[in-house]
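Colleague: here are the coordinates; sequence isn't available:
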């Protein structure tokens, strides 16, 4: 591992992320040593995609790391995230909320969750449709149904395309939905402030649309060998 190269990449990414936008370093398939090297540079928020991988890494790394789960999550794998998970970005269905609520209550913790919205044209991407999310909140305040969870905002992934206008339109739609939900009364406006959108290829479009949290991996760690 080239520590100087890692530090240079990290500084370059930091320079591109505006103040007030949280940088989540995507560390899936990265070694404990790579994560610790970035931690030693002062970084604390790391995003993982695979529950068992996160479960295995977590005890080998400093306890003050802020762990974000950003991948597709099966209900039977939720147990691997507790009690240490800080924020789950990829909550895309009500039964997953049920399982997260059950595990959080059992573990005695209050993790944050983001509701993932399907904004891309690609069918492979997951999430609630905007109308499904409207139906979910129409039943009443989310906190009354899942009282142990902290609903922190929305997450979305734009279409993987070179069409920047399309990406801006998709992120803009997610930001508009976020504003709509804040005005609905179904969420706690003091908590529901996050918009997790933007990766290496569409960082600028996401920030311009109002992202509060970006998920960057390769631009920091480089290509995996």
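Modeller: The structure has been received and is ready for your questions. As the structure is a computational prediction, the values presented were derived from the model and not from experiment. Residues are numbered from 1 along each chain as shown.
Colleague: now the most centrally placed residue in the chain: how far from residue 9?
Modeller: The C-alpha lying nearest the average C-alpha coordinate of the chain belongs to residue 89 (Cα atoms, centre = their mean; 3.4 Å). Separation of residue 89 from residue 9 (Cβ to Cβ, to the nearest Å): 23 Å. No exception for glycine: its C-beta is placed from N, CA and C like everyone else's.
Colleague: please apply the same query to residue 39.
Modeller: 15 Å.
Colleague: same check, this time on residue 177
Modeller: 33 Å.
Colleague: can you check residue 67 too?
Modeller: 21 Å.
Colleague: for the chain, which segments count as strands?
Modeller: 22-26, 45-48, 66-69, 87-91, 112-117, 150-156, 194-196, 213-216 (DSSP state E).
Colleague: just list what the second one packs against, helices and strands only.
Modeller: Spelled out, that is strand 45-48. Helices and strands touching strand 45-48, by 3 or more Cβ pairs under 8 Å, 6 or more residues apart in numbering; DSSP states H and E, are strand 22-26, strand 66-69.
Colleague: switch those strands over to CSV; also include mean neighbour count.
Modeller: Shown next, in CSV, are the helices and strands packed on strand 45-48 (neighbours: other Cβ atoms under 10 Å):
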stretch, mean neighbour count
strand 22-26, 21
strand 66-69, 22
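Colleague: which stretch among those comes nearest residue 198?
Modeller: strand 22-26 (10.0 Å; Cβ to Cβ).
Colleague: what's near enough to touch residue 47?
Modeller: With contacts defined as Cβ atoms under 8 Å, 6 or more residues apart in numbering, the neighbours of residue 47 are 24, 25, 26, 27, 28, 68, 69, 70, 89, 215, 217.
Colleague: oh, I was asking about residue 124
Modeller: Contacts of residue 124 (Cβ under 8 Å, 6+ apart): none.
Colleague: what separation is there between it and residue 133?
Modeller: 19 Å.
Colleague: before we move on, what about residue 62?
Modeller: 36 Å.
Colleague: please apply the same query to residue 55.
Modeller: Separation of residue 55 from residue 133 (Cβ to Cβ) stands at 29 Å.
Colleague: isn't residue 119 up against residue 166?
Modeller: No. Using Cβ atoms under 8 Å as the test, residue 119 is too far from residue 166 to be in contact (10.4 Å).
Colleague: the two - which one has more neighbours?
Modeller: residue 119 (24 against 15; other Cβ atoms under 10 Å).
Colleague: list the contacts of the more buried one.
Modeller: 127, 156, 157, 158, 170, 171, 173, 174.
Colleague: and the furthest pair within those residues?
Modeller: 127 and 171 (13.5 Å).
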